[in-house]
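Peer 1: Predicted model, plus sequence, below.
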Amino acid sequence: MNSDFIKNGVDRAPNRSLLYALGYTDEELARPLIGVVSSQNEIVPGHMHLDKIAEAVKAGVRAAGGTPVVFPAIAVCDGIAMGHVGMKYSLVTRDLIADSTEAMTVAHQFDGLVMIPNCDKNVPGLLMAAARLNIPTIFCSGGPMLAGRLKDGRRTCLSHMFEAVGAYHAGKLNEDGVKDYEENACPSCGSCSGMYTANSMNCLAEVIGMALPGNGTIPAPYSARIRLAKKAGMQVMELVKRNIRPRDIMTAAAFHNAETVDMALGCSTNTMLHLPAIAHEAGLTIDLDGANQISAHTPNLCHLAPAGDTFMEDLDRAGGVSAVMKELTKKGLLDTTVMTCTGRTMEENLEGAENLDEEIIRPIDNPYSENGGIAVLKGNLAKDGCVVKRSAVAPEMMVHEGPARVFDSEEEAIAAIFGGRIVPGDVVVIRYEGPKGGPGMREMLNPTSAIVGMGLGASVALITDGRFSGATRGAAIGHVSPEAAAGGTIALVQDGDGIAIDIPNCKIELKVSDEELARRRTAWVCPEPKIKTGYLARYAKLVSSADKGAILE
């Protein structure tokens, strides 16, 4: 066992003395030491209850003959960090989480790991660590929040809350209406209740095979979540016994499966950042071009919020991720021979899976669309690609052409939207918000929600080298690569330039001649970095472009 290096033999007596100081007995130290990576904290609603999940995991580990040892991982609440400088610190925590987990695991020589994430960067950060460390590991997330309910009985969620602010600025909602959303949009612990980034990644952890069935959808307040945690604690001991490691599970076929289910579920565009980064840690490469190839033959089966009016608890009741995968197997779209953390193949895991509500999970012969939920667009404005959540775009905005309204920060754009300076037909361009330029690639949920809330969601597009929350809906096109700070074409756009968007054909074009763009490039000077000290300054020097997953190089 790895842990033998810190607990066996006379030479390890000093190490053992410190383990004794922790209260461990010889009987406990004779067993495999299982690191339980708990992301519990008191600032993230999705993480406030993870101490209960960790205790259940520990009970499962002990029941199966291991010794659990808890250590922490950080987590940022994107909703609380949204709309101010704090959002610059969201994506960058993905690498801090991976690095700190690597440090703790290797320093203390754990024999296996149980990862307990829940929100946004926490899940991919720990998946990156799992792939990098490659010791037996299983995931058990905290589960999704229940949907809210307004005073009039309508169900609601966080994306509606952000849009309510836009509606208030448009004079369509008064302060009492905003208060109704404020008090009822987020009624429980858990990751926010739609198919936003956190739930997207928790579902995909299940598809990749690193989490037990139910991980992505069992609501946080349900007792079934505690039972799942106990089973995860037991199952990690089986993985240790059989020496089943993350790279045995996180294969090229597993990532292809994840991208396929991503398209069927209509996941957050952030998955197009995280899956390549996780694959990179596993020694694999995912490029954006492959996403369109998968989307071309993968039907979109789910319209959860923000694309529709159903929520994670509905998906769970309908059969969860397993039911979605079962539908996809009917046309052979998944490789079901892959190994999973159950110690069985996906095919074995899906025995008995059933679609229990064809309104929530469309049958594969009656999808919402024949194409997947995400599209990658390319053209002279984004030579290396940009990403849109196609399933959340209004039909009338699938093809759009309009004049650019250019802003060099999120704050400038918000002021213009709320100030009534954006009109139907416009294409809002927000630049210098990319991985390097931000730095940190902020989410543009406030601008997109403002556009929808102001009643412009079916007539205004937004393009950025930043990214979007999974709660974003509308013609919101992000991850423009190369980004403005790297001299990408988005840095050369001027007010009034025509921009043509063709989502069905995966194209995006700045209607400016090559000669004019060359002239503008000669005159272009990269602005001074927005942040010159601390972690963000170091991050900006190391981070790659969005099309590569914003990995650190």
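Peer 2: That came through fine.

Peer 1: First-to-last residue distance for stretch 321-340?
Peer 2: Using C-alpha to C-alpha, to the nearest Å, one end of stretch 321-340 lies 14 Å from the other.

Peer 1: Now do the same for stretch 144-159: mean pLDDT, whole number.
Peer 2: Confidence for stretch 144-159, expressed as mean pLDDT, is 97.

Peer 1: Once you drop chain neighbours, what's closest to V57?
Peer 2: Spatial nearest neighbour of V57, excluding adjacent residues (C-beta to C-beta, 6 or more residues apart in numbering): G233 at 4.1 Å. In this view, the C-beta of every residue, glycine as well, is placed from N, C-alpha and C.

Peer 1: Please, which helix or strand holds that neighbour?
Peer 2: helix 223-242 (DSSP states H and E).

Peer 1: what's the burial count for the residue nearest to V57?
Peer 2: Burial measure for G233: 28 neighbouring residues, criterion other C-beta atoms under 10 Å.

Peer 1: From what I see, it and V61 are in contact.
Peer 2: Yes. With contact defined as C-beta atoms under 8 Å, G233 reaches V61; the gap is 4.2 Å.

Peer 1: And G466, how far from M87?
Peer 2: Separation of G466 from M87 (C-beta to C-beta, to the nearest Å) stands at 9 Å.

Peer 1: any shared contact partners between those two?
Peer 2: R442, E443 (C-beta atoms under 8 Å, 6 or more residues apart in numbering).

Peer 1: Comparing those two, which shows the higher neighbour count?
Peer 2: Using other C-beta under 10 Å as the criterion, G466 and M87 rank with G466 on top: 30 against 27.

Peer 1: Would you mind giving me the confidence score for the more buried one?
Peer 2: Looking at G466, the pLDDT reads 97.

Peer 1: since we're on the residue lying closest to it once chain neighbours are set aside, how many residues are nearby?
Peer 2: Nearest residue to G466, sequence neighbours excluded (C-beta to C-beta, 6+ apart): E433, at 3.4 Å. Neighbour count of E433, defined by other C-beta under 10 Å: 30.

Peer 1: try G23
Peer 2: By other C-beta under 10 Å, neighbour count at G23 equals 7.

Peer 1: Is it in a helix, a strand, or coil?
Peer 2: coil (DSSP: H, G, I helix; E, B strand; the rest coil).

Peer 1: which ones are touching it?
Peer 2: By C-beta under 8 Å, 6+ apart, G23 has no neighbours at all.

Peer 1: same thing with Y539?
Peer 2: Residues near Y539 by C-beta under 8 Å, 6+ apart: V92, D95, P439, G440, L552.

Peer 1: Contact partners for the first one?
Peer 2: When contacts are counted by C-beta under 8 Å, 6+ apart, V92 touches P439, G440, Y535, L536, Y539.

Peer 1: same check, this time on the last one
Peer 2: By C-beta under 8 Å, 6+ apart, the contact list for L552 reads D95, Y539, L542, V543, S544.

Peer 1: who's the fourth one bridged to?
Peer 2: Applying DSSP bridges to V543 gives these bridge partners: L552.

Peer 1: I'd guessed it sits against P439; true?
Peer 2: Yes. Counting by C-beta under 8 Å, V543 touches P439, with 7.2 Å between them.

Peer 1: okay, and the common contacts of those two?
Peer 2: Here V543 and P439 have no joint contacts, going by C-beta under 8 Å, 6+ apart.

Peer 1: picking up where we left off before, in a markdown table: the contacts of Y539, plus pLDDT.
Peer 2: Listed next are the contacts of Y539 as a markdown table, based on pLDDT from 0 to 100:
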| residue | pLDDT |
| --- | --- |
| V92 | 97 |
| D95 | 97 |
| P439 | 97 |
| G440 | 97 |
| L552 | 96 |
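
Peer 1: would you list these in a markdown table and tack on secondary structure and distance to D152?
Peer 2: Listed next are these as a markdown table, based on DSSP: H, G, I helix; E, B strand; the rest coil; distance: C-beta to C-beta, whole Å:
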| residue | secondary structure | distance to D152 |
| --- | --- | --- |
| V92 | coil | 40 |
| D95 | helix | 44 |
| P439 | coil | 43 |
| G440 | coil | 39 |
| L552 | strand | 48 |
